[in-house]
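> Here you go, sequence then predicted model.
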Amino acid sequence: MVLVEAIILSVLAASTPLLLAATGELVTERSGVLNLGVEGMMIVGAACGFGGAWLSGSIIVGALCGIVAGMLMSLIFAFMTLGLAVNQVATGLALTILGTGLSGLIGARFVGERISTAPHLSIPGLSDIPLVGRIAFGEDAFVYLSLVLIIAVWWFLYRTRAGLVLRACGDNHVSAHALGYPVLRIRLLAVLFGGGCAGLAGAYLPLAYTPFFIPGMTAGRGWIALALVVFASWRPGRLVIGAYLFGAVTILQLHAQGAGVGIPSQFMSALPYLATVIVLVLLSRARTGGSTAPAALGTVFVPDR
Amino acid sequence: MQLVLEKRAERSRTIALVSPLIAIGLTLVTMSVLFAVLGKNPITALGVYFIAPLTDGYSLQEIAVKATPLVMIAIGLSLCYLANAWNIGAEGQFLIGAVAGSWIAVKTQGTEAGHWVLPAMLVAGAAAGALYALIPALCRVKFGASEILISLMLVYVADLLLDYLVRGPWRDPAGFNFPTTAEFDPVATVPVLIEGGRLHLGSIIALIVVAGAFVLLERTIKGFEIRVVGVAPRAARFGGFNANQLILLTFAVSGALAGLAGIIEVAGPIGHLQPGISPGYGFTAIIVAFLGRLNPVGIFIAGLFLALTFIGGEQAQITMKIPLDVTKVFQGILLFYVLACDSLILYRFKLVFAARQVQSGAG
């Protein structure tokens, strides 16, 4: 039972950065913007998040630094793609290349330092319930925050007028514009939200997952988050399932390595990436009747005024 | 105040030629600010980055050596991008090419194998790169899956495979437990062009690739098809061009070139297979492709320029203690400016003050 509990706890921890980043990207893509720079925003968020926490001694300050860093990165993206109507795919790649460099530059002085990670909650009574207690009431705050966030996004997208307008921008920007909605401004807000989430997801890694910062510590999680949005067919509910499935695959390979399974560790480490490929293929195959992606996703919009 | 884009009636040819230069200029200004922030003298730093490597023969050779993989990969990527297919996993195809070619080198090590070894390695590298690139291309064509994400995931897989091989079955028993194969035999090594230098045959191959791409794009029907599919997919369909077939073709070619670059790098300047054989060539080549305006000659020049930043970056690290990551920041910023300046070709930027109502097309 202890092992099962440990596995579930580590799955939750491994899934949280994926869920956070993918939640932000889901909103961005629902507004019609494809930001491929998630990995770049995450890695800068990780460096700034660790830096903030190390300098201030506060996990919360660290998390805020990560969010702000992610938002600043996404602001560059928004200026390029919304302001200057530059191709979104190429700009997203540029954001990742820039982010990798910036993260190394910012994080260089923090390599080798350690902080104490975000504490796990402890609610007397509830957290002490065997098995369920630790899992339901004993995680670090980020885990709950990520779940609250995705529920809030679901509520916003499907239960509010603003969410309806945002989805309209993603499906048909010309009509949304004709109806008088400020398409570019709505997209800007969606991109900023995505950046903040990616920054927080990056910051989660050194603040709660491991107590240190290493360059390249996101290790492709930003790209997996992008794949998760496709996996979820742009729906919040499926995103949660997808994120936890991928977290499980990540943890599975770690535990298999620990248990001394006779497969080389590199093959096990490749599992999450291979799983992503397989999932993308299976889903795209199942969806032959037309894509569920926002219709205007990735297209440039220049209002003719 | 509001920034407003106005579509140009025609693509501006002048700006198309000048825009990469504007982008480089803006990048240099931004870098000066960054150097100043890092507490270094910007003028000295820019000198170390961009002037010093051009002043001695050794560095010039190094630039050519670094430009070789960049140009080869970028030429392949430009074909994909022209056809509107997004191969961004060239890094993985580069690594797989290196692995496949090295397999022959490792298997023939210490045997009496003749001069067929190197050609066989080059062919194996190119073939492996092409096959690896066909995975995302087939997933896109057959199932409509995102070639961007799949080609990228395969980068991580290739990296892990390489890591496994040099730590496991291919590790040099006499290598003091370092994760590397033994040095390749002379027959498995790309020959150098200048005695005692580092410039190697691969640079000539890269020049041939540039010439080949130029002929393909300017003088053949296939090249025309690639351009039309990219610029006007609808027109291409009416013209009977098969877009899916072109995706497979351009991916295969770009994968082959990346794979070839990979095995040339390993059998040439490096001399053995080990982790970290690429300082991100596959990703930097994306910048080279765009900076070169997806044009073979432009890519050749852009490749030399980005190679200069690699060499300059190493110099700046040694002499001025400027972290190596500055080079990546430089490359990222450069790509942003290149893309932003490209926007000038299609649009006119206008700053509009106050929200006044403009009567458009009154009549």
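Perfect, thanks for sending it.
> Just give me the neighbour total for residue A:262.
Residue neighbour count, defined by other CB atoms under 10 Å in any protein chain shown, stands at 5 for residue A:262. (C-beta placed from N, C-alpha, C; glycine too.)
> Would you mind naming what in the stretch 101-250 of chain B lies close to chain A?
With CB under 8 Å from any CB of the partner chain as the criterion, the stretch 101-250 of chain B comes near chain A at residues B:135, B:139, B:143-146, B:148-150, B:152-154, B:156-157, B:160-161, B:163-164, B:167-168.
> Tell me where chain B has strands.
Using DSSP state E, the strands found in chain B span residues B:2-7, B:347-352.
> Those strands: which one's closest to residue B:260?
Between residue B:260 and these, the shortest gap by CB to CB is with strand B:347-352, which sits at 38.1 Å.
> show me where pLDDT drops low in chain B?
In the predicted model, chain B carries pLDDT under 70 at residues B:1, B:354-363.
> show me where it has helices.
B:13-37, B:42-46, B:57-82, B:90-107, B:117-143, B:147-167, B:201-219, B:221-231, B:233-238, B:243-265, B:281-291, B:296-320, B:325-346 (DSSP state H).
> May I see the ones you listed arranged in a markdown table, with distance to residue A:177 as well?
Compiled in a markdown table, the helices of chain B are given as follows (distance: least, CB to CB, whole Å):
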| stretch | distance to residue A:177 |
| --- | --- |
| helix B:13-37 | 27 |
| helix B:42-46 | 44 |
| helix B:57-82 | 29 |
| helix B:90-107 | 37 |
| helix B:117-143 | 31 |
| helix B:147-167 | 27 |
| helix B:201-219 | 37 |
| helix B:221-231 | 25 |
| helix B:233-238 | 23 |
| helix B:243-265 | 29 |
| helix B:281-291 | 29 |
| helix B:296-320 | 36 |
| helix B:325-346 | 19 |
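> Would you reformat those helices as TSV and include mean neighbour count?
Formatted as TSV, these follow (neighbours: other CB atoms under 10 Å in any protein chain shown):
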stretch	mean neighbour count
helix B:13-37	16
helix B:42-46	16
helix B:57-82	25
helix B:90-107	28
helix B:117-143	23
helix B:147-167	24
helix B:201-219	17
helix B:221-231	18
helix B:233-238	12
helix B:243-265	27
helix B:281-291	28
helix B:296-320	21
helix B:325-346	23
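> Briefly note if the strand or helix carrying residue A:281 comes near chain B.
Using DSSP states H and E, residue A:281 falls within helix A:271-286. Yes. Contact between helix A:271-286 and chain B, assessed by CB under 8 Å from any CB, occurs at A:273, A:274, A:276, A:277, A:280, A:281, A:283, A:284, A:285.
> Closest one of those to residue A:215?
Nearest to residue A:215 out of these is residue A:273 (CB to CB; 19.4 Å).
> In contact with that closest one, which residues?
A:220, A:224, B:153, B:154, B:156, B:157 (CB atoms under 8 Å, 6 or more residues apart in numbering or on different chains).
> The last one against residue B:92, yeah?
Meaning residue B:157. Yes. Shown here, residue B:157 and residue B:92 form a contact pair, counting by CB atoms under 8 Å, at 7.0 Å.
> Grab the nearest non-local neighbour of residue B:265.
Closest residue to residue B:265 in three dimensions, ignoring its sequence neighbours and counting by CB to CB, 6 or more residues apart in numbering or on different chains: residue B:69, at 5.3 Å.
> surely residue A:48 meets residue A:66?
Yes. With contact taken as CB under 8 Å, residue A:48 and residue A:66 are classed as touching, separated by 5.6 Å.
> How about residue A:41, nearest residue that isn't a chain neighbour?
Spatially, and ignoring its direct neighbours in sequence, residue A:41 is nearest to residue A:198 (3.8 Å; CB to CB, 6+ apart).
> Was I right to think that neighbour contacts residue A:69?
No. Using CB under 8 Å, residue A:198 and residue A:69 do not qualify as a contacting pair, with a distance of 9.5 Å.
> Next up, the contacts around residue A:13.
Residue A:13 makes contact with A:139, A:140, A:143, A:208, A:209, A:247, according to CB under 8 Å, 6+ apart.
> Where is pLDDT lowest across these?
Between the contacts of residue A:13, the one the model trusts least by pLDDT is residue A:139, at 75.
> right, and that residue touches residue A:15 too?
No. Using CB under 8 Å, residue A:139 makes no contact with residue A:15, being 11.0 Å away.
> Looking at those two, which one has more neighbours?
It is residue A:15, of residue A:139 and residue A:15, that has more neighbours when counted by other CB under 10 Å, with 25 against 21.
> Report the set of residues contacting both of residue A:198 and residue A:69.
Each of A:41, A:45 lies in contact with both residue A:198 and residue A:69 under the rule CB under 8 Å, 6+ apart.
> Nothing else from me, thank you.
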